[in-house]
Every structure is written in structure tokens, then in C-alpha cells.
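Trainee: Sequence isn't available, so here's the structure alone:
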């Protein structure tokens with residue numbers, strides 16, 4: 001009777017072991033997918049936050065009183081170049097995840113355009 005129990009127990013273990021191995025592979029794969037989704041969600045949240053910060057910056061900039069209502073063609077071209085440099089600075093900063101003040105972005109734009 002004891003040998004019969006050993007044979008049944010050894011067969012049961014050999015049948016159960018592969019299923020447990022397969023199940024653990026599925027579980028680890030699902031954890032990997034979960035961590036990938038969490039990191040993707042974090043990136044999307046950061047991108048959304050940066051875009052909101054940029055929109056807020058543009059709103060604050062538009063709300064600032066205009067010094068001269070009409071600008072010459074040179075001033076208008078300089079303003080467009082400055083705005084493009086500010087947009088580029090915000091894009092780069094959104095990739096790196098850095099948080100800086102508006103004055104810093106203005107300084108980066110001025111530096112890029114060669115102004116001091």
C-alpha cells in the first residue's frame with residue numbers, strides 16, 4: 001500500500017509541476033505588461049501636464065499688457081522668432097521633465113536668438 005501511495009504521489013507531482021511552471025510564466029508576463037502600461041500612463045500624464053503648463057504660459061503672456069499696439073515688420077519677425085524659440089524650449093523641457101520658471105524659458109529663448 002505504501003508503494004502505491006508513492007507512485008500516485010510522484011505521478012501527481014509530475015502532472016502538477018508543468019502547470020505551475022506555465023502559470024508562473026503567465027503571471028510574470030502580466031506583471032511586465034502592467035509595469036509597461038504604468039510607465040506609458042506616467043509618460044502621457046507628464047506630457048499632458050507640460051502641455052497645460054505651456055498653455056498657461058501662453059495665457060499669461062497674452063494677458064500681459066501690450067507695450068505697442070502696432071509693431072513694425074522687423075519687430076513682428078523678432079516676436080515670431082522669440083515665440084518659436086520659447087515653444088522649442090518648452091518642447092525640450094517637456095521631454096526632460098524639468099520644471100522651470102517663465103523667466104528661465106525667456107532667458108533660454110533670448111540666448112538661442114543671440115540676445116543678452
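Mentor: All right, it came through fine. Computed from a predicted structure; not experimentally measured. Numbers count the residues shown, from 1 in each chain.
Trainee: okay, now residue 107: neighbour count?
Mentor: 15 (other Cβ atoms under 10 Å). Backbone N, C-alpha and C define where each C-beta goes, glycine included.
Trainee: Same check on the one 3 residues further on?
Mentor: One way to gauge burial is a neighbour count; for residue 110, by other Cβ under 10 Å, it gives 14.
Trainee: which residues are in contact with the helix or strand hosting it?
Mentor: Following DSSP states H and E, the helix or strand that holds residue 110 is helix 102-113. Identification of contacts with helix 102-113 by Cβ atoms under 8 Å, 6 or more residues apart in numbering yields 57, 60, 78, 81, 82, 85, 86, 88, 89, 90, 93, 116.
Trainee: With stretch 59-77 instead?
Mentor: Contacts for stretch 59-77 (Cβ under 8 Å, 6+ apart): 79, 102.
Trainee: If we go by neighbour counts, what in that stretch is buried?
Mentor: Going by neighbour count (16 or more other Cβ atoms under 10 Å), nothing in stretch 59-77 comes out as buried.
Trainee: How far does it stretch from one end to the other?
Mentor: 21 Å (Cα to Cα, to the nearest Å).
Trainee: For the chain, spot the helix or strand the model is least confident about on average.
Mentor: helix 2-63 (a mean of 72; mean pLDDT, DSSP states H and E).
Trainee: Would you confirm that residue 51 contacts residue 94?
Mentor: Yes: with contact defined as Cβ atoms under 8 Å, residue 51 and residue 94 form a contacting pair (7.4 Å).
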